[in-house]
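**Q** below are the sequence and a predicted model; questions follow.
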Amino acid sequence: MFKRLLLLLPLLLLAPPVLAASSDREKPLNIEADSLTVNDITKVGTYTGNVVATQGTMMMQADKLVVTQSGNGLKTVTAYGNPVKFREKEENSDQYVEAYAAQAHYDDATGELTLTGNAFLRRGGDQVQGNIVTYNTRTEFFKVVGAPNKPRGRVRMVIMPRKQGSAAATPAQKR
């Protein structure tokens, strides 16, 4: 039973910790799905059907969620949806970070979150959109790739004007 509970904890890492409300990490993680399959040998847990994970202000919805562990703990978390939806309130702010994509993948070894398939990320009024959005939660570096062979397949960004003396740049402003 304890091993199965450990498969639930890695969902905390889906949100970039720099953006997230740290108080969320101290709250209970609740996951609902139509079904759950756990393989203790391969350390893979698969949640399917209307998956909803909440923790504090963090909320994620997906059709399927696969959590993989190694001997040292979390290895990867992959969410599939039509689309996968993510929302969390920023630390010390009234703004929310929202993300949508066909797939979201988090690799604990690299700290990289990759949104694939009509990826969209919004933070306050700033937005970035492309086929693939990759965000490194450790270095705060992100990259957006379009789908040049498709109509409307270019990268798009909207950066809202900042008030004089406003705080540091948002992820939509970093390159």
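**A** Sure, I can see it.

**Q** for residue 123, grab the count of nearby residues.
**A** Per other Cβ atoms under 10 Å, the neighbour tally for residue 123 reads 20. All C-beta spots, glycine's among them, are computed from the backbone N, C-alpha and C.

**Q** repeat that for residue 68.
**A** Residue 68 - counted by other Cβ under 10 Å - has 19 other residues nearby.

**Q** pLDDT wise, what is it at?
**A** Here, the pLDDT recorded for residue 68 equals 87.

**Q** make residue 1 into 54 and carry on from there
**A** Taking 54 as the first residue, the last one we looked at is residue 121.

**Q** that one: what's it in contact with?
**A** 95, 96, 97, 127, 128, 129, 130, 131 (Cβ atoms under 8 Å, 6 or more residues apart in numbering).

**Q** is there a quick PyMOL command that grabs whichever of the residues you listed are buried?
**A** To isolate in PyMOL the members of the contacts of residue 121 that are buried, counting by 16 or more other Cβ atoms under 10 Å, one can use:
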select buried, resi 96+97+127+128+129+130+131
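
**Q** in strands, which of the contacts of residue 121 fall?
**A** Cross-referencing the contacts of residue 121 against strands under DSSP state E gives 97, 127, 128, 129, 130, 131.

**Q** minimum pLDDT in the contacts of residue 121, which residue is that?
**A** Among the contacts of residue 121, residue 127 has the weakest pLDDT, 71.

**Q** pretty sure it contacts residue 161?
**A** Yes: judged on Cβ atoms under 8 Å, residue 127 makes contact with residue 161 at a distance of 4.4 Å.

**Q** may I see the buried residues of stretch 188-202?
**A** For stretch 188-202, by 16+ other Cβ under 10 Å, it's 188, 189, 190, 195, 197.
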